[in-house]
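Student: A structural model of the following input is requested.
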Amino acid sequence: MTDPYEILGVSKNASADDIQKAYRRLAKKHHPDLNPGDKSAEDKFKDVSVAYDLLGDAEKRARYDRGEIDASGAEKPQPQRRYYRDFAESGQAGGQGFEQGYADFGDEDVLSEIFGRRGAKMKMRGGDVRYHLAVDFLSAVNGAKPQLALPDGSEITVTIPPGTRDGQTLRLKGKGRPGYNGGDAGDALIEIEVRPHPFFTRDNDDIRIELPVSLAEAVLGAKVKTPTPSGDVMLNIPKGANSGTVLRLKGKGVAKAGGGTGDQYVTLKVMLPEKPDAELEEFIARWSKDKAQDPRRAMGV
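Tutor: Numbers count the residues shown, from 1 in each chain. Alright, predicted model coming up:
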C-alpha cells in the first residue's frame, strides 16, 4: 500500500489538524455517494479512509513513523533479540561462573515458554477505525439510519440522532477492529458532514428560513403554508407586513441535547408580480400621488 502521507497529500511533520482537513477534503471529493458508478473514486475513497485510520490516531501514527507497523496497520517483523546464550557462545559474556549462574535465564526456549504463557492469557482491545459520512440537512435535524459503505465492501447501519451537528463524531461501539485473544473489538468513529439545504439554515438549535410573500398577502394579511423540518404548517401573515419582518414558529426548530426543541424564525420577503402589471402600476401612481412616505428617513438620505 502507498505511504499514507502521500495518499493524504501531507508532509510527515503535518499537524493533526492538517491531516484531518486533508482527509475531509479528499473523502468528500471521492465519496461513492457523490461519484456513483465510479470504481476509481471508490478505490481512492477506501485508500483515503485507511490512511486516515492510521494517521488520524496519534498512537498508530507514532508506531508507523517508528517502523513498527506498515501502511495497512499490520505489525512489521522486528529484529530478533539476542540473549545471553548468544554472547556466551561467542565468548563475549565473561567468565565461566557467570555463564553457569544465568544459564537458565539465557535460554531462549525457556523465555519463549514464559512469555508465551503470559501472552496467551493477555487480552487486547481492537483498534478504533474512523469514517466520514455525509448526510442531508433534514436527516441531521430529524434523525435517520443511513447505511455506511466500509472499505471491505460491507455496510453498517449508522443511527443519526435528531439534532446531529456538522463535524460531530458518532461512536459505534464494537464496530472497529477485532480484539486480540478474546479482547473487546474497537469502535467505529464516524465524522458527520451535514449537506446544506436549499432554504433552511441552522442557528444553534433554531431554524431560519426566508419566506417569499405576495404584495397582496403583505398588505392585506394572510394565512400561508410554510415549510418546517418536520412538515408544512400554516403561518399568519399580519396586515402591512414588510420585507424583513421576522415571525416565530415555536418548537419547530432542532431537538436540544438536554431536552426541548428550538424555534423556527421566518423572515418575510415581499415579492412583486413577476411580469409588469399595468393596472397595479396605475393604482400605485394614483395612490402615492398625495402620500408623503419617506422609507429612507432613518438613514439621513
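Student: can you give me the strands for the protein?
Tutor: Here the chain has its strands, by DSSP state E, at 129-135, 147-149, 155-157, 169-172, 188-194, 201-203, 206-214, 222-226, 233-237, 246-249, 264-271.
Student: Any chance of CSV for those, columns distance to P32 and mean pLDDT?
Tutor: Every C-beta, even on glycine, is put in place using the N, C-alpha and C of the backbone. Below are the strands of the chain laid out as CSV (distance: least, Cβ to Cβ, whole Å; pLDDT from 0 to 100):
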stretch, distance to P32, mean pLDDT
strand 129-135, 10, 90
strand 147-149, 6, 88
strand 155-157, 11, 88
strand 169-172, 19, 91
strand 188-194, 14, 91
strand 201-203, 26, 95
strand 206-214, 30, 95
strand 222-226, 35, 94
strand 233-237, 36, 95
strand 246-249, 37, 96
strand 264-271, 33, 95
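Student: Mind checking those for the one nearest to P4?
Tutor: Among these, the nearest to P4 by Cβ to Cβ is strand 129-135 (12.4 Å).
Student: contact partners of that closest one?
Tutor: Contact partners of strand 129-135, identified using Cβ atoms under 8 Å, 6 or more residues apart in numbering, comprise 23-24, 27-28, 31, 33-34, 49, 52-53, 56-57, 144, 146, 148, 150, 158, 160, 164, 175-177, 186-195.
Student: helices and strands of this structure: which one has the lowest mean pLDDT?
Tutor: Within the chain, no helix or strand scores below helix 96-101, which has a mean of 36 by mean pLDDT, DSSP states H and E.
Student: Next step: the contacts of strand 129-135 restricted to helices.
Tutor: Counting by DSSP state H, the contacts of strand 129-135 place Y23, R24, A27, K28, S49, Y52, D53 in helices.
Student: farthest pair in those residues?
Tutor: Using Cβ to Cβ, the two most remote members of these are K28 and D53, lying 16.9 Å apart.
Student: Looking at these two, which has the bigger crowd around it?
Tutor: Using other Cβ atoms under 10 Å, the more surrounded residue of K28 and D53 is D53, with 23 against 15.
Student: Could you report the pLDDT at that one?
Tutor: Here the pLDDT value assigned to D53 is 83.
Student: any idea how far A27 is from the nearest residue in space to A22 that is not next to it in sequence?
Tutor: Sequence neighbours aside, L8 is the residue nearest to A22 in space, at 4.4 Å (criterion: Cβ to Cβ, 6 or more residues apart in numbering). L8 sits 10 Å away from A27, taking Cβ to Cβ, to the nearest Å as the criterion.
Student: Cool, thanks, signing off.
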